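# Make a model of this:
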Amino acid sequence: MHQSRLSEGEYFLNVELHYLGGVFILSFNFNGPLDRINREQQERMRQLEQMSREMQNKRERQEHLNEKNSKHLENIEANTASLIDVVTLLRQNNEHQAEIKELIFEILSIAVLESEPERVSKYEQWRKKVADLGSAITGFKLLLSIGAAIFLGIPN
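Below you'll find the predicted structure:
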């Protein structure tokens, strides 16, 4: 048997010489090292596919987090704008500050109610209180829009 070497301890080709009925027959066996190389390549491919899936999952999680952060920033921006409106409203209505503060706290308390029918009912009562006070305060529409923004921003 003759063997062609690849590297130390590793053979690429096994050649066997057979004598059969007065004829010499050479047989070649390529399987040994090639099978090992093929198995190694398949394992590397599995590892690369796994890494690719993990990277895709990380990208998707990052995109999701970016979307959530963007929504949070938009909410913060909207809330900040509302706070500026509240300060303006309070400054313009010194004599009715207590009533305005009470109405703002009331709309904020509606935001934490669990039951949607209860939230709607309380919101309607709140709007009536604002309407009753409306002619006495400057920025009556602003107070209604702040309340509507808070009420409509509540997830169902």
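
# Show me which helix runs longest in this structure.
When secondary structure is assigned using DSSP state H, the longest helix within the chain turns out to be helix 31-92.

# if I look at the residue most central in space within the chain, how far off is residue 99?
Centroid-nearest residue in the chain: residue 64, 1.8 Å away (criterion: C-alpha atoms, centre = their mean). Between residue 64 and residue 99 the distance is 43 Å, computed by C-beta to C-beta, to the nearest Å. C-beta: built from backbone N, CA, C; applies to glycine.

# what does residue 110 give?
17 Å.

# same thing with residue 118?
Residue 118 is 23 Å from residue 99, where distance means C-beta to C-beta.

# what helix or strand does the residue lying closest to residue 113 once chain neighbours are set aside sit in?
Nearest non-adjacent residue to residue 113, counting by C-beta to C-beta, 6 or more residues apart in numbering: residue 119, 4.7 Å away. Per DSSP states H and E: residue 119 is located in helix 116-134.

# go on, residue 19?
strand 10-20.

# helix or strand right after that strand?
Helices and strands here follow DSSP H and E; after strand 10-20, the next one along the chain is strand 23-29.

# Sheet partners, orientation included, of that next one?
Pairing partners of strand 23-29, with direction, according to DSSP bridges: strand 10-20 (antiparallel).

# Domain parsing of the protein, as residue ranges.
The record's domain parsing of the chain by automatic domain parsing lists 1-77, 93-156.

# Make CSV from these and add mean pLDDT and distance to residue 86 to it.
As requested, these are exported to CSV (pLDDT from 0 to 100; distance: least, C-beta to C-beta, whole Å):
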stretch, mean pLDDT, distance to residue 86
domain 1-77, 77, 15
domain 93-156, 81, 6
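
# and these, which is most packed in?
Neighbour counts (mean count of other C-beta atoms under 10 Å) averaged over each of the domains of the chain peak at domain 93-156, with a mean of 14.

# Off-centre distance for that one?
Using C-alpha atoms, centre = their mean, to the nearest Å, the mean C-alpha position of domain 93-156 is found 33 Å from that of the whole chain.
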